[in-house]
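Enquirer: need a 3D model of the following:
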Amino acid sequence: MPDPRTNPALMVLDARSKIQDEADKEFLEAGRRGHAGRQFLDVSQIRQILVLRDQRGVKAGEIERQLGLKAGVVERLGSSGVVGASQQES
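Expert: The predicted model follows:
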């Protein structure tokens, strides 16, 4: 019988579970003194970051400070032009 620790499907499920645990912990700690900031973002937060960075020219560190993000989160989105906010037509 194959070793379950090397089963790719189980490894993905385990990794997903660990990420969810980290996100839950971050949610519970948000707003508390000493919290390093958020790193798990939803789509609207990502769009807000991209607009601030690419359209308004706000620096990554200032965006992180304003939005309460962990240092380096904005940089993980890649440089301007790699990921961007699309224009939504009404």
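
Enquirer: bridged to the closest residue to D54 other than its chain neighbours, which residues?
Expert: Of all residues not flanking D54 in the chain, S80 sits nearest, at 5.0 Å (CB to CB, 6 or more residues apart in numbering). Using the backbone N, CA and C atoms, a C-beta is placed for each residue, glycine as well. Assessed by DSSP bridges, S80 has beta-bridge partners V83.

Enquirer: now do the single longest helix found in the chain: everything it contacts.
Expert: Secondary structure of the chain per DSSP state H: the longest helix is helix 8-29. Helix 8-29 is contacted from outside by 4-5, 35, 38-40, using CB atoms under 8 Å, 6 or more residues apart in numbering.

Enquirer: the residue nearest to D54 - how many residues pack around it?
Expert: 12 (other CB atoms under 10 Å).

Enquirer: thought it was touching Q55?
Expert: No. The criterion here is CB atoms under 8 Å, and S80 misses it with Q55 at 9.8 Å.

Enquirer: quick one: A9 from P2, how far?
Expert: 11 Å (CB to CB, to the nearest Å).
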